[in-house]
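Colleague: let me see the structure of the following:
(2 chains)
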Amino acid sequence: AQTVTQSQPEMSVQEAETVTLSCTYDTSESDYYLFWYKQPPSRQMILVIRQEAYKQQNATENRFSVNFQKAAKSFSLKISDSQLGDAAMYFCAYRRTGNQFYFGTGTSLTVIP
Amino acid sequence: NAGVTQTPKFQVLKTGQSMTLQCAQDMNHEYMSWYRQDPGMGLRLIHYSVGAGITDQGEVPNGYNVSRSTTEDFPLRLLSAAPSQTSVYFCASSYVGTGIPGANVLTFGAGSRLTVL
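Modeller: As a prediction, this is how the structure comes out:
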């Protein structure tokens, strides 16, 4: 079974500081995709960043970067220079071959001014 | 470009009633899917489709039916609603494959909040 685990239900960070959200997943496959999605209070799901498993280089998108450790099945999200607009629920997601997506239970991020 | 459109945004049903949540996308995405979001549970896959005429079950398919008669539309049917189906439902779509910009990245609709009394 494929599962995604986010062990931090809640996190907080001071504005302008850096925070890391954790995600681990369970799979027996070698070819898959990993994602971080953001869900603000508006409920809209917004893609933050994605990583293809065959790529060794960690993905980055402006202030957002990941630490992808394939052997450890770990996929953490680092947010640098945190802004008030980063406050949201963050979901880690895994896409296996066969087009099934699995999501973690989410981490609620609070940004303290 | 509308993206993924879900209707209705809110719905209240009584136990045993039936209804259909509509989902339409105008991006010519092959892949479409339905999820339910419950507190503390994240998003769970209900059903998905990789093209017209093709559907498959996800993690939590019981109590739900889907069909895919066109590339654009992927309705989710509740034949006999139960209180356990109270949830927020999301439709999402994507291109499938490699070498296509945005492939395998889900684009979500705005969600539909369903309450079953």
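Colleague: does the residue nearest to the spatial centre of chain A have beta-bridge partners, and which?
Modeller: The C-alpha lying nearest the average C-alpha coordinate of chain A belongs to A:Trp36 (CA atoms, centre = their mean; 3.4 Å). Applying DSSP bridges to A:Trp36 gives these bridge partners: A:Ile49, A:Cys92.
Colleague: with A:Leu109 instead?
Modeller: Applying DSSP bridges, one finds that A:Leu109 bridges with A:Met11, A:Ala88.
Colleague: would you confirm that it contacts A:Glu15?
Modeller: No - the pair A:Leu109 / A:Glu15 is not scored as a contact, 12.0 Å apart, by CB atoms under 8 Å. Any C-beta I mention is one placed from the backbone N, CA and C, and that applies to glycine too.
Colleague: burial count for residue 56?
Modeller: In the absence of a named chain, chain A is used. Applying other CB atoms under 10 Å in any protein chain shown, we find 8 residues neighbouring A:Gln56.
Colleague: correction: the question concerned chain B.
Modeller: Residues near B:Asp56, counting by other CB under 10 Å: 15.
Colleague: so what strands line up beside the helix or strand encompassing it?
Modeller: Using DSSP states H and E, the element containing B:Asp56 is strand B:54-57. Strand B:54-57 sits in its sheet next to strand B:42-51 (antiparallel), going by DSSP bridges.
Colleague: what's the average pLDDT for the partner strand?
Modeller: Per-residue pLDDT over strand B:42-51 has a mean of 94.
Colleague: how about that strand: buried residues?
Modeller: Buried positions in strand B:42-51, judged by neighbour count with 16 or more other CB atoms under 10 Å in any protein chain shown: B:Gly42, B:Leu43, B:Arg44, B:Leu45, B:Ile46, B:His47, B:Tyr48, B:Ser49, B:Val50.
Colleague: who's more crowded, A:Leu109 and A:Glu15?
Modeller: Remark: of A:Leu109 and A:Glu15, A:Leu109 carries more neighbours, 21 against 13, as counted by other CB under 10 Å.
Colleague: in this structure A:Thr27 contacts A:Thr97, no?
Modeller: No - under the criterion of CB under 8 Å, A:Thr27 is not in contact with A:Thr97, lying 9.9 Å apart.
Colleague: which parts of the chain are strands?
Modeller: Unless you meant another one, I'm taking chain A. For chain A, applying DSSP state E gives strands covering A:3-5, A:10-14, A:19-21, A:24-26, A:33-39, A:46-52, A:60-61, A:64-69, A:74-79, A:88-95, A:101-103, A:107-112.
Colleague: my question was about chain B
Modeller: So, for chain B - with DSSP E - the strands run B:4-7, B:10-13, B:19-25, B:31-38, B:42-51, B:54-57, B:64-66, B:76-78, B:87-94, B:107-108, B:112-116.
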